[in-house]
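[1] Attaching a predicted model along with its sequence, questions to come.
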Amino acid sequence: MSDRLPLKVLLTAGQIRDRVRELAADINRSYPAGRDPHLVSVLKGSVIFLADLVRALDRPVTIDFVMVSSYRGDTRSSGRVTLVKDLDIGLTDRDVLIVEDIVDTGQTLWWLLDNFRARQPRSLRTVSLLDKRSRRTVEVDIEHVGFAIEDRFVVGYGLDYAEQFRQLPYIAVLNQQGRQRREDPPSTK
Ligand code: 5GP
């Protein structure tokens with residue numbers, strides 16, 4: 001199936017590598033000595049970004065994973081996101097940095113911020129490699145953004161279409177005709 005879906009490169013491996021280094025430098029600067037961040041990667045799309053980011057961060061970090069499921073057709077913010085895999089490590093008094101692949105409507109990040117805030121972290125921030133600002137339906141703060149992109153369905157560098165394309169070292173736009181309809185619920189990230 002994958003070879004029948006045309007891809008157009010949006011961000012090359014080199015552009016991503018350079019931007020990840022810049023993001024890591026920004027993140028390093030924003031946490032004082034002794035306040036090493038606790039990175040929470042949102043499965044599955046952010047794992048490749050996480051792997052490159054932690055190696056570019058020149059300091060000790062801890063890592064955990066969370067998995068959520070988004071119901072794209074459901075506009076009720078409370079019922080739209082459900083927890084598929086919870087964290088292994090508590091967040092209390094930690095300097096938590098959520099690591100996202102992409103923020104689209106913002107519903108998933110809004111839910112994560114709300115859920116994590118209740119666990120009383122010392123601080124709570126977000127880094128997202130991609131940001132589709134024009135699609136936002138809820139206000140969310142993202143402290144570190146890699147690239148702001150147009151409203152296109154993208155794959156690669158961890159991002160999938162029907163579990164394919166995650167392994168691509170670049171980010172590409174998937175032909176709109178090959179794209180899953182937004183209304184198709186549910187989808188895990
Ligand atoms: P939200 O709309 O809640 O901000 O984003 C929900 C999730 O939809 C994202 O975390 C991501 O997993 C998925 N998503 C949104 N836009 C894209 C896209 O362009 N490509 C891919 N592969 N996933 C996307």
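    Ah, there it is. Numbering: from 1, shown residues only.

[2] Name the next helix or strand following the top helix by length along the chain along the chain.
    Determined from DSSP state H, the single longest helix within the chain is helix 13-30. Sequence-wise, the next helix or strand downstream of helix 13-30 (DSSP states H and E) is strand 38-43.

[3] need the contact list for the residue nearest the centre of the chain.
    Closest to where the C-alpha atoms of the chain average out (Cα atoms, centre = their mean) is Glu100, at 1.6 Å. With contact taken as Cβ atoms under 8 Å, 6 or more residues apart in numbering, Glu100 is in contact with Val42, Gly45, Ser46, Thr108, Leu109, Thr126, Val127, Ser128, Leu129, Ile142. Quick note: C-beta positions are derived from backbone N, CA and C, even for glycine.

[4] Those into a markdown table, with extra columns for neighbour count, secondary structure and distance to Leu91?
    Output for those, formatted as a markdown table (neighbours: other Cβ atoms under 10 Å; DSSP: H, G, I helix; E, B strand; the rest coil; distance: Cβ to Cβ, whole Å):
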| residue | neighbour count | secondary structure | distance to Leu91 |
| --- | --- | --- | --- |
| Val42 | 24 | strand | 14 |
| Gly45 | 23 | coil | 21 |
| Ser46 | 26 | coil | 17 |
| Thr108 | 21 | helix | 17 |
| Leu109 | 23 | helix | 16 |
| Thr126 | 22 | strand | 14 |
| Val127 | 25 | strand | 16 |
| Ser128 | 26 | strand | 19 |
| Leu129 | 30 | strand | 22 |
| Ile142 | 18 | coil | 18 |
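
[5] Looking at the residues you listed, which one is closest to Asp86?
    Val42 (12.3 Å; Cβ to Cβ).

[6] who's the closest one bridged to?
    Counting by DSSP bridges, Val42 forms beta bridges with Val66.

[7] how near is it to the ligand?
    Val42 sits 7 Å away from the ligand, going by Cβ to the nearest ligand atom, to the nearest Å.

[8] That residue contacts Leu112, correct?
    Yes - with contacts counted by Cβ atoms under 8 Å, Val42 reaches Leu112, the gap being 7.0 Å.

[9] if I look at those two, which residues touch both of them?
    With Cβ under 8 Å, 6+ apart, Val42 and Leu112 have common neighbours Val66, Val68, Ile98.

[10] State the distance from the first one to Leu11.
    Translated: Val66. 25 Å (Cβ to Cβ, to the nearest Å).

[11] One more: the last one?
    From Ile98 across to Leu11, the span is 21 Å (Cβ to Cβ).

[12] The ligand contacts on this structure?
    45, 70, 102-109, 153-155, 159-161, 189 (Cβ under 6 Å from any ligand atom).

[13] Now, those residues that are in helices?
    Using DSSP H, the residues of the chain next to the ligand in helices are Gln107, Thr108, Leu109.
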